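Colleague: got a predicted structure plus its sequence, pasted below:
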Amino acid sequence: MKAIEKFDMLHVTDRVLVAVSGGKDSLAVWDLLTELGYQADGLYVGLGIGEYSDTSGAHARRFADEHGLKLIEVSLRDEYGYDVPTAAAATNRVPCSACGISKRHLFDKAAIDGGYNVLVTGHNLDDEAAVLLGNTLRWDIEYLARQLPVLPARDGFPKKVKPLVRLTEREMAAWCIVRGIDYLVDECPIAAGNKHLAYKAVLNSVEHESPGSKAAFYLNFLENMSPLLAGMSVAGKDSLHSCATCGAPTTGENCAFCSIVGKAAALDPVPVECVLGKSVGKSLSKRARR
Ligand code: SF4
């Protein structure tokens, strides 16, 4: 794959951990990497989003079983006492916020604890272009400076790579069909409030009028803008220390993940239906509190 070589993502001796959701992109990248001869295990995080999570987990497990691959599983509810709907209620933020913090923490932890050199995610060209559009609309230099296909390992964080950044959603779906990979098609039921989907729709509309714009937008950003932004990320310069609760690297006393655990693990489980709207409201949080 061109991206792996161009961005020096992986070497054959690396121990690779692939974050697997059960969707087309993560299963396709796992399949591609094992086809290319990399030693790649999978990591599935059970988010507790009702039937959606049950089905996504089943797809990840089936793929691992059929291909004789190792799948590590972590359950938010079983191991940390909360799930994403409950975390959304506890933090009074859109579900994707608590979900993203939880996934990033657990991906990093699993990679470091398991001795993996590289953490792989299935972000494709459509994903990265949508994130870039959001960051550009806000001229968010901090995020723009860190929007790279490879983030090197540092201070307790594993190296992170995105091998699919040159490939579109359609190409990944086509790969899965050709390879007979059975993936989760349904969208997450609590994605409401996630601007990522709106940015994707805008870019698809531009692409329809002007084919090639999406790839040019993202790939020319990497080629022309990223070098100018190098070194401008404050996060890269912040001094990190260990979270007082879990020991993970953080800039505060406690990391964002432990803050969620502290708020959400004390609540009764909140049903998925309660967080279908954009706001998850303080009243919901109070009602669920023991
Ligand atoms: S759409 Fe949001 S809540 Fe659903 S899995 Fe993705 S990040 Fe998590």
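Modeller: Perfect, I can see it now. Residues are numbered from 1 along each chain as shown.

Colleague: what are the boundaries of the strands in the chain?
Modeller: Using DSSP state E, the strands found in the chain span residues 15-19, 39-46, 71-75, 118-120, 150-151, 159-161, 241-242, 249-250.

Colleague: for the stretch 151-290 of the chain, what lies in contact range of the ligand?
Modeller: Residues of the stretch 151-290 of the chain lying near the ligand by Cβ under 6 Å from any ligand atom: 188, 190-191, 194. The C-beta positions use only the backbone N, C-alpha and C, and glycine is treated the same way.

Colleague: pLDDT and neighbour count added to those, as TSV?
Modeller: Converted to TSV, these look like this (pLDDT from 0 to 100; neighbours: other Cβ atoms under 10 Å):
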residue	pLDDT	neighbour count
188	93	21
190	91	25
191	86	16
194	80	19
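
Colleague: give me the buried positions along stretch 54-66.
Modeller: Using 16 or more other Cβ atoms under 10 Å as the test for burial, stretch 54-66 gives 56-57, 59-64.

Colleague: right, I mislabeled it, should have said stretch 64-80
Modeller: Under 16+ other Cβ under 10 Å, the buried positions of stretch 64-80 are 64, 69, 71-74, 76-77, 80.

Colleague: what is the nearest of those residues to residue 111?
Modeller: residue 72 (10.0 Å; Cβ to Cβ).

Colleague: does the closest one touch residue 40 like I think?
Modeller: No - with contact defined as Cβ atoms under 8 Å, residue 72 does not reach residue 40; the gap is 11.7 Å.

Colleague: of the buried residues of stretch 64-80, closest to residue 155?
Modeller: So of the buried residues of stretch 64-80, ranked by how close each gets to residue 155 (Cβ to Cβ), first place is residue 74, at 22.3 Å.

Colleague: how far away is the closest one from residue 256?
Modeller: 17 Å (Cβ to Cβ, to the nearest Å).

Colleague: cool, residue 126 as well?
Modeller: 27 Å.

Colleague: more neighbours, those two?
Modeller: residue 126 (25 against 20; other Cβ atoms under 10 Å).

Colleague: which pLDDT value belongs to that one?
Modeller: At residue 126, the predicted lDDT confidence score is 98.

Colleague: and residue 155, by the same measure?
Modeller: If you check residue 155, the pLDDT there is 84.

Colleague: residue 239 versus that one, what's the distance?
Modeller: For residue 155, the distance to residue 239 - Cβ to Cβ - is 9 Å.

Colleague: ok, those two, which is more surrounded?
Modeller: Between residue 155 and residue 239, counted using other Cβ under 10 Å, the more crowded position is residue 155 (10 against 6).

Colleague: could I get the pLDDT score of the residue lying closest to residue 122 once chain neighbours are set aside?
Modeller: Distance criterion Cβ to Cβ, 6 or more residues apart in numbering; nearest residue to residue 122, sequence neighbours excluded, is residue 25 at 3.4 Å. Per-residue pLDDT puts residue 25 at 98.

Colleague: contacts only, for residue 25.
Modeller: 122-124, 127, 164, 169, 172 (Cβ atoms under 8 Å, 6 or more residues apart in numbering).

Colleague: tell me where the stretch 1-150 of the chain has helices.
Modeller: Assigned by DSSP state H, counting those that start in this stretch, the helices in the stretch 1-150 of the chain fall at 2-6, 24-35, 50-67, 76-80, 84-91, 95-114, 125-137, 141-146.

Colleague: now those helices as a markdown table including distance to the ligand?
Modeller: Listed next are the helices of the stretch 1-150 of the chain as a markdown table, based on distance: least, Cβ to the nearest ligand atom, whole Å:
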| stretch | distance to the ligand |
| --- | --- |
| helix 2-6 | 23 |
| helix 24-35 | 12 |
| helix 50-67 | 8 |
| helix 76-80 | 11 |
| helix 84-91 | 5 |
| helix 95-114 | 3 |
| helix 125-137 | 11 |
| helix 141-146 | 16 |
